[in-house]
Structures are given as C-alpha cells and as structure tokens.
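In: compute the structure for the input listed below.
(4 chains)
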There are 2 protein chains.
Amino acid sequence: MLTATKGLTMVIKGEGQVSRARGRPRLFDRTAALDRAMRVFWDRGYEGATFDELIAVMGLSPSSFYNAFGSKEALYREAVGAYLTGPGGFFPKALAGGGPAKDAFARLMMATAAAYTDDVGPAGCMISLAGLHDAPDRADLRDFMREVREGSRTLMIERLNEGVRNGDLSEGIDVAQIAEFFETVSRGMAVRARDGADRRTLEKIGAMALDAWPGVPS
Amino acid sequence: MLTATKGLTMVIKGEGQVSRARGRPRLFDRTAALDRAMRVFWDRGYEGATFDELIAVMGLSPSSFYNAFGSKEALYREAVGAYLTGPGGFFPKALAGGGPAKDAFARLMMATAAAYTDDVGPAGCMISLAGLHDAPDRADLRDFMREVREGSRTLMIERLNEGVRNGDLSEGIDVAQIAEFFETVSRGMAVRARDGADRRTLEKIGAMALDAWPGVPS
DNA sequence: CTATTTATGGAGTATCTACTCCATAAAGAT
DNA sequence: ATCTTTATGGAGTAGATACTCCATAAATAG
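Out: Residues are numbered from 1 along each chain as shown, chains lettered A, B, ... in the order given. Model (predicted):
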C-alpha cells in the first residue's frame, strides 16, 4: 500500500487554517510532475512533446493526468508558468539589480548566456521559440506565447524607464527601441543555443550587443 | 482530356539535346507545386504542415505526390532549396555587393527587415526557426537545418574576410564573432517578425545592431 | 455508519497523419 | 503493335495522438 508523503493536497481555509482536502489524496507530487513535464516541453516544444512521453516522465496514468491537469494545453500553460518562476527567473532577477540601466542589461546578457547553456535544462529558452509555427486552430496558444514574450519586453522597458528616472539614460531616448533590440538579441541567442552555441560564444554576442548601447563609443 | 502545358518533364541528354522523358507526362507543374508547398512549410514549420494541407495546396493526389516527391521529408528538403534560391535570395544578394564590409552588412540588415515582413510570403524566415524542437527520431532534419543555418553564417564570414583583404577591416579582427552576432540578430528578427513586428521596427533593430560594428563610435 | 468527493488503474477509442496499393492511362522505344 | 516506363485516381491502412470511460479506492463530512 502506497502512502502519499509529498503529494498531499492542502487547502487554505477561510481563517488561515490549513486542512487536507476532501477526497482521496493524490499519490504523486503534482509540483514535481509539472516540473518534469515543463522540461519535456522546453526540449520538444508543444507539438513535439507527445502525450505518452509526458505522462511517462510524470509517472502518471492517463486518468490521473487528466484528473490533475485537465488537458495537454492546460498542462503547457502551467508549465510556462513553472518555467517563468523557475529556470526563467534569471531574467527579472538580472534586470532588477541597482545601478545604471546599462549595467542591468549587461547582467541580463551574461545571465542569458549562462541560462541558455547550463545543464539544468535543455539548451535555449522555453519561451523564445515556442508557438511560432502552429496551425490556425492553435491560435490561442500562439497568442499566449506572444503575450509571454511581450511580457519580457515590458520588463525591459520598465527597467529602461527606471534608468531615465535615475538620470543614467537621457530623457528623450527611445526605450521601446532599446528593448526591441535586446529582446531580438535574446531570441536569437535562444536559436544559437539550440544549435549548440556554448556559453562563451553567447557571452561575446551579448557583449557585442552592449556595444550598441546608445551614446557610448565602443 | 487534360493537356500538360507547363509540367512537361524534360531530360537533358548526353550531347546537350533535350527530349521529353519516357512514360506518361505529369499533369501538373512540379516547380509551381513545390513553391506552394514551400510556403506552407514556411508558415507552419515541418510538423505543423500536414500531409493533407500540402497535397491540397499542391493540387495533388497522394499517389501523384509520392510519385513526384517521394516523402514529406524529401519534399521539405526540396522546399528549403526552393526558399534559398527564391525568397531567401535576398541574403547572399545583400552581402555580395561591393564597398566596405560594414556597408554590406547594413544592406543585409535592411534587406532582412524587408524580406521578413513583405507580403510575398509568411512573416519571418523559413530557415531561422525550423527544426529546433523536433523529436529524437527527426535528428536528421534537425541536423540538416542546423547546417543550412551554418551556411548563412559561413557566407557572412566570407564577406567579412573579403573586408579584411580589402583593408576595411583590421587584420586581427574576430570575423567569426561578428558573424555570430549578426546571425543572432537575424534569427531574433525572425522571431520578432513572427510575433508581428513590422518592417520599420526590424529596420531600427538592424540599424542598432550596426552600432555594435567594431571600432566605430556610435 | 453512510454519503460525498477526489484519485487511480486499465482498457478502450475517434481522429488524424503519413503513407501504400493497384488498376488504369499516356507517353516513348523497338 | 507491343513492351516498357512513368503518372494518375481512388480506396485503403498501420500506427500514433490526445483523450474518455468506468469500476474501484481512499479520503473527509455529517
């Protein structure tokens, strides 16, 4: 007889009390299963990740899978969230630090080079290259991924605006343009990482991108 | 009764003579069918382009398709060739012109921005984003696409070496590094085009990338 | 205790996807 | 005319893919 030590479904009750949920407790760790699925999607993309492979790495039967996650698409959306708060966390973290905006973007480029090539997960980025070639009936997923990518550009813009407020970027500067450029370099680095480019190569690309920083001689 | 006016199969004979091939002539224009298939692959990627959609736009029955093209994968490889000599022709063309290497890369960036956003075909590039998320049993296609991408980087390197020979780039310069950078920007522009970035946006990204050109104050 | 709720095991399935088969048609070769 | 070669029409198919069903198990609620 199995005992569920990690997969206990907890429920936050009204007055802050925590109790076990009703019904039979699940026998697997939902968070761990999601993490494994996320890595398959990261490596294979949405279409490339087959249902059988997903439930295999998650260690689930079809019924347990559908009971816990609903559908392949719902799982994918959750997996994107898990990526953003997990392996993708380098992105907001690198931007968040203090100092001039250019320093933040230098950190971002170096962190991107590292994250796209480390052995924590597949090469490249789960966000940059997903949902780009889907059939018309998957327009919703495509839109979703575009919005996620737009979110990272928004983070860049906000950090650049902070630089304008702090005086390290001039008032009239086109922050959207700078964000577009660095987003483009990031997406391109994801392609290069998929094709096998190593960390040092990506770091040099990132350093060169910084040479395009406005108003600074190289 | 149909007559085959454009799809006649010609054969180049030994002494330069041209004669019709043996067997029943095909009733469709192979080149035109390939071109239509290429655009579907361009838009959907390899996996996203279904067999039924391909033969529908090509106007072929399954038997005519297999007789003429062999398999979906063989068709794809031919379609990549058709892209490279067709819509992808802007790439070697922009690099080929005379003048300093930097001018050639400026032309390349502007031509890329135009090609990725014109209404001749789907947004973006057929080469940049294909074969990046395939299952292990499609490793051959993935390798093929990586080699095609490597080919474009090689063209860049050759053009940069020409600049070194012509004296517009200094002797010790890292041409591979510059090529890596501009390839990365190109691949990233393909992602941005897929997400809806317009020509002007891509042109500004390309112009900013040129600001990273070595040894030149922005 | 019974009722209710949630999870699981395991077999089953509609649809799609890329491909195959074969009888027939239309050309050149002899 | 006959043979060979290549193309076509149209039905058919093995395997994969994402998903469903249902009987049963294990928890809480009352």
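In: how is chain A divided into domains?
Out: Domain segmentation of chain A under automatic domain parsing yields A:26-84, A:89-210.
In: redo the ones you listed as TSV? Include mean neighbour count and distance to residue B:215.
Out: Backbone N, C-alpha and C define where each C-beta goes, glycine included. Shown next, in TSV, are the domains of chain A (neighbours: other C-beta atoms under 10 Å in any protein chain shown; distance: least, C-beta to C-beta, whole Å):
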stretch	mean neighbour count	distance to residue B:215
domain A:26-84	18	39
domain A:89-210	19	12
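In: the nearest residue to residue A:61 once chain neighbours are set aside and residue A:27, how far apart?
Out: Among residues not flanking residue A:61 along the chain, residue A:55 sits closest, at 7.0 Å (C-beta to C-beta, 6 or more residues apart in numbering or on different chains). Distance, residue A:55 to residue A:27, by C-beta to C-beta, to the nearest Å: 14 Å.
In: my read: the residue nearest to residue A:61 touches residue A:65, true?
Out: Yes - between residue A:55 and residue A:65 there is a contact under C-beta atoms under 8 Å: 5.1 Å.
In: now the element after the longest helix anywhere in chain A, going C-ward?
Out: Using DSSP state H, we find that the single longest helix of chain A is helix A:139-166. Helices and strands here follow DSSP states H and E; after helix A:139-166, the next one along the chain is helix A:175-194.
In: could I have the next helix-or-strand element following that following helix exported to CSV, CA atoms only?
Out: Remark: after helix A:175-194, the chain's next helix or strand is helix A:199-210, criterion DSSP H and E. Provided in CSV are the C-alpha atoms of helix A:199-210 (Å, rounded to 0.1, in the frame of the first residue of the first chain):
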residue,chain,number,x,y,z
ARG,A,199,28.2,29.9,-23.1
ARG,A,200,31.3,31.8,-24.1
THR,A,201,30.0,32.3,-27.6
LEU,A,202,26.7,33.7,-26.3
GLU,A,203,28.6,35.9,-23.8
LYS,A,204,30.6,37.5,-26.6
ILE,A,205,27.4,38.1,-28.6
GLY,A,206,25.8,39.7,-25.5
ALA,A,207,28.9,41.9,-25.0
MET,A,208,28.8,43.0,-28.6
ALA,A,209,25.1,43.8,-28.3
LEU,A,210,26.0,46.1,-25.4
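In: now do helix A:199-210 against helix B:199-210, angle only.
Out: 110 degrees (axes from the mean of the first three to the mean of the last three C-alpha atoms, to 10 degrees).
In: what packs against helix A:199-210?
Out: helix A:101-115, helix A:175-194, helix B:175-194 (3 or more C-beta pairs under 8 Å, 6 or more residues apart in numbering or on different chains; DSSP states H and E).
In: now that helix: mean pLDDT?
Out: The predicted model assigns helix A:199-210 a mean pLDDT of 98.
In: what parts of chain A come near DNA strand C?
Out: Listed as neighbours of DNA strand C in chain A under the rule C-beta under 7 Å from any atom of the strand: A:7, A:9, A:21-28, A:60-64, A:67-68.
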